[in-house]
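Student: from the sequence below, what's the structure:
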Amino acid sequence: MAASESRVCLGVIVGAKGVNGEVRIKSFTEVPTDVGSYGPVESEDGTKTWEVRVVGQAKGVVVAKLKGIADRNQAEDVKGEKLYVARAKLPPPEEGTYYHADLVGLKVVLTTGESKGSILAVYNFGAGDIIEVGDGTTASVMVPFSDAAIAEVNMKDGVVRVEPLPGLFDDGDDDELIEEGDENADDDATEVKNHG
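Tutor: Residues are numbered from 1 along each chain as shown. Sure thing, here's the model as predicted:
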């Protein structure tokens with residue numbers, strides 16, 4: 001989807017809180033409580049819509065009341081639901097910042113000129129944003145979205161230029177370092193490549 005037609009995931013419901021239908025939301029907004037600031041949210045498949053009223057915060061999550069969720073059982077039923085709004089409802093990002101939804105799909109080119117595919121996804125596991133880069137024919141690569149790795153983000157041309165940092169885009173030459181007879185080596189490598 002083009003960025004203008006896309007939706008943005010503001011958070012995910014991670015569980016129920018109490019007996020009156022409150023839910024715990026892992027918020028993906030810069031200010032966690034803003035998860036309820038952009039109007040009604042909808043489920044990933046678009047079949048459900050909720051108004052979100054933030055009522056507090058607890059242990060890294062936002063506690064909220066969703067219109068139509070009245071008890072703990074109903075709150076448990078929506079656990080795992082991702083909460084989306086139309087991209088157009090969000091304010092323009094400040095210069096040098098980007099919505100994850102706007103980055104997905106951009107072409108990735110090394111500063112040497114070599115094409116590496118496109119951005120497949122953006123993650124944040126707690127230590128900063130990471131882009132998943134791939135071309136659909138080889139294993140995807142996780143690239144830190146940092147000043148050291150990202151040389152340029154050109155939204156107009158739809159291109160992200162990446163510095164080819166040592167070890168970032170491995171060409172497979174390290175395979176000889178795996179000792180012969182180490183049956184677990186391939187399994188470990190697969191787990192790392194597929195992480196995310």
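Student: you'd agree residue 36 is up against residue 54?
Tutor: Yes - contact criterion CB atoms under 8 Å: residue 36 and residue 54 qualify, at 4.6 Å. Placement of C-beta: from N, CA and C, glycine included.
Student: overlap in contacts, the two.
Tutor: Counting by CB atoms under 8 Å, 6 or more residues apart in numbering, the shared contacts of residue 36 and residue 54 are 62, 64.
Student: looking at the two, which one has more neighbours?
Tutor: Between residue 36 and residue 54, counting by other CB atoms under 10 Å, residue 36 is the more crowded of the two (24 against 17).
Student: just give me the neighbour total for residue 108.
Tutor: Neighbours of residue 108 (other CB under 10 Å): 23.
Student: and the next element down the chain from the host helix or strand of it?
Tutor: Using DSSP states H and E, residue 108 sits within strand 107-110. Using DSSP H and E, the next helix or strand after strand 107-110 towards the C-terminus is strand 115-124.
Student: report the buried residues of that next one.
Tutor: By neighbour count on 16 or more other CB atoms under 10 Å, the buried set for strand 115-124 is 116-120, 122.
Student: distance to residue 153 for those residues - can I get that in a markdown table?
Tutor: Putting the buried residues of strand 115-124 into a markdown table (distance: CB to CB, whole Å) gives the following:
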| residue | distance to residue 153 |
| --- | --- |
| 116 | 15 |
| 117 | 16 |
| 118 | 13 |
| 119 | 10 |
| 120 | 16 |
| 122 | 12 |
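Student: if anything else comes up later, I'll come back, but that's it for now.
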